[in-house]
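S.K.: here is a sequence with its predicted model. Questions after.
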Amino acid sequence: MIYRFITIEGNIGAGKTTLAKMLGDHLHARLMLEQFADNPFLPRFYENPRQYAFPLELFFLAERYQQMKNMFSRPDLFTDLLISDYLLVKSLLFARINLSDDEYHLFHRLFDIIHTQVPQPDLLIFLYAPVARLQQNIRKRNRSYEQHISDEYLFRIQEMYVQFIRQQTLPTLMIDVSEADFEHQPEQFQQIVQALQCEYEPGVHYLSL
């Protein structure tokens, strides 16, 4: 494997954690998975976004930073590949959507301090799916606090990610999973594994399953 740190990103319900776990098993990699269930503000945020957005995003930022700091301070002697199901900058992207301008500017200052202290991935995988497919996946996994996420909210997240990807310079593999089921279609998963054998230049590269 030519990469040592691979990050998988995408909208809510795109399949990030599923793919991270599958690649981790297949490539015998260490996994760094987001502990979203530990955030006590998450269910409350979906009930009252205005009141709980700031503590929600602060908690996520602190947890993501601490997890990354701990992971990178303890290298594994048996594997040099790490796969994550989140990019730290997602904290900033979600904050831009969920926070007021004043809150966001304060949050951005904190993020700038933290962001320079963690490594960037060698490869970013972005899973793209239309909102209708995301809603289907959200219903399927049946987390109670997610069942009332609006299409509008998912569209805003999608737009924020697309804007970020167009502006950043990380080698990025954008995978169209609109009609995919790599969890149950082995040939699709093998397509992804095969794609990871390529060395990508900075910028966006595309793969359709």
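M.R.: Nice, I can see it.
S.K.: so how far is the helix ranked longest in the chain off the chain centroid?
M.R.: Identified as the longest helix of the chain according to DSSP state H is helix 49-73. From the chain centre to the centre of helix 49-73 is a distance of 13 Å (C-alpha atoms, centre = their mean, to the nearest Å).
S.K.: helices or strands up against the helix or strand following that helix?
M.R.: Sequence order places strand 82-84 as the next helix or strand after helix 49-73, per DSSP states H and E. Judged by 3 or more C-beta pairs under 8 Å, 6 or more residues apart in numbering; DSSP states H and E, strand 82-84 is in contact with strand 5-10, helix 16-27, strand 30-32. C-beta coordinates here come from the backbone N, C-alpha and C atoms, glycine included.
S.K.: so how far is the longest one off the chain centroid?
M.R.: In terms of C-alpha atoms, centre = their mean, the centre of helix 16-27 is set 13 Å apart from its chain centre.
S.K.: dump the helix or strand of the chain with the lowest mean pLDDT to CSV, keeping only the CA atoms.
M.R.: Across the helices and strands of the chain, mean confidence by mean pLDDT, DSSP states H and E is lowest for helix 42-47: a mean of 89. The C-alpha trace of helix 42-47 is given here as CSV (Å, rounded to 0.1, in the frame of the first residue of the first chain):
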residue,chain,number,x,y,z
LEU,A,42,-26.3,15.4,19.3
PRO,A,43,-29.9,14.2,20.1
ARG,A,44,-30.6,17.6,21.6
PHE,A,45,-29.2,19.4,18.6
TYR,A,46,-31.7,17.7,16.3
GLU,A,47,-34.5,18.8,18.6
